[in-house]
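>>> Sequence plus predicted model, see below.
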Amino acid sequence: MSQRPPRFPLPLDRVAAGARAANNAPRPPRAAAPTPAPQGIGLDSEAVRRRMVQRLRAGGVHHEAVLAAFAAVPRHHFVDTALAAQAYEDTALPIGLGQTISKPSVVARMLALLADGRSAQAAGHFGRVLEIGTGCGYQTALLALLGRQVISVERLRPLHDKARERLAALPRANVRLVHGDGRLGHPPNAPYDAIVAAAGGDDVPPAWLEQLAVGGRLVAPTRAGGGGQVLVVVDRTDAGWQRRCHEPVQFVPLESGVA
Ligand code: SAH
């Protein structure tokens, strides 16, 4: 099994193959769909993606597996064509229904925090991951390269359906998209080695703490004292749950129920 980071550029079908190899997962029964050529972006997407990765590195992200995932996943495939030219800027973009795809530096920060929670050898191997808030599916595609299995829950049906289309080239073998209320986690596949939320509530829902594996780490935006949000990291050990607050962030609210 090759441990080398993926070469650039990697279309999603080869990302899928790489993820399969990295995770030793079986090939899905049908061949991955052909990857469309980059559209709506008048730039060489490989080069702009490489520059994005350089910026992330300069900003302090040093996990090679995380950076390789950013280099491999074409972010412009996950936003509307009209926004594709902005896809590699460090900016949040609308994805419909009042939701946004987080800016790359914030996604990278969350993934780096997850990687920090693992031993040096396992930093690029997140194990079984629960993602709350699939949104457009961009972070899901990154996690598919880093995790052995990814369960991603989205409460808004239209976003869930669209993400399913966009992620069609990824192997069904290691990504499972669920339409549901992520505040409840996803008990059927628990426990999770990593849990990451892209929407913030008043506190970390108890279901996430329960479904976090011993030795696992959770990263989630959560309401802070002054009314803003901070990134909260929770580690679960044999002794219980250890919680630390990090920098202020701005994520969409964690809502209840499905729509
Ligand atoms: N990582 C996503 C970010 C999307 S924004 C991306 O790359 O696009 C956060 C998402 O969380 C939104 O799609 C929102 O609908 C979803 N969300 C909010 N509350 C939720 C809940 N209780 N369960 C599941 N998803 C939720």
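Now that the structure is in, tell me what you want to look at. Numbering: from 1, shown residues only.
>>> Just the buried positions in stretch 104-116, please.
104, 106-115 (16 or more other C-beta atoms under 10 Å). Bear in mind the C-beta positions are built from the backbone N, C-alpha and C, glycine included.
>>> Contacts for stretch 187-195 next, please.
114, 117, 126-132, 147, 149, 151, 176, 185, 207-208, 210-220 (C-beta atoms under 8 Å, 6 or more residues apart in numbering).
>>> pLDDT averaged over that stretch - what is it?
Across stretch 187-195, pLDDT averages out at 98.
>>> Could you do stretch 226-236 as well?
Rounded mean pLDDT across stretch 226-236 is 95.
>>> do the same with stretch 140-158
Computed over stretch 140-158, the mean pLDDT rounds to 97.
>>> Any part of it near the ligand?
Yes - using C-beta under 6 Å from any ligand atom, stretch 140-158 reaches the ligand at 153-156.
>>> still on that earlier bit, looking at the contacts of stretch 187-195, which are in strands?
128-132, 149, 151, 176, 212-220 (DSSP state E).
>>> List the residues that contact the residue positioned nearest the centre of the chain.
Against the mean C-alpha coordinate of the chain, by C-alpha atoms, centre = their mean, the closest residue is residue 139 at 2.7 Å. Taking C-beta under 8 Å, 6+ apart, we find residue 139 in contact with 102, 107, 110-111, 131, 196, 198.
>>> wait, is it part of a strand?
No - under DSSP: H, G, I helix; E, B strand; the rest coil, residue 139 sits outside any strand and is assigned helix.
>>> Look up how far the ligand lies from it.
4 Å (C-beta to the nearest ligand atom, to the nearest Å).
>>> Over to residue 240?
Separation of residue 240 from the ligand (C-beta to the nearest ligand atom) stands at 25 Å.
>>> on contacts alone, who are the packing partners of the helix or strand hosting residue 69?
Assessed by DSSP states H and E, residue 69 sits inside helix 64-72. Contacts defined by 3 or more C-beta pairs under 8 Å, 6 or more residues apart in numbering; DSSP states H and E place helix 64-72 against helix 45-58, helix 104-116, helix 138-146.
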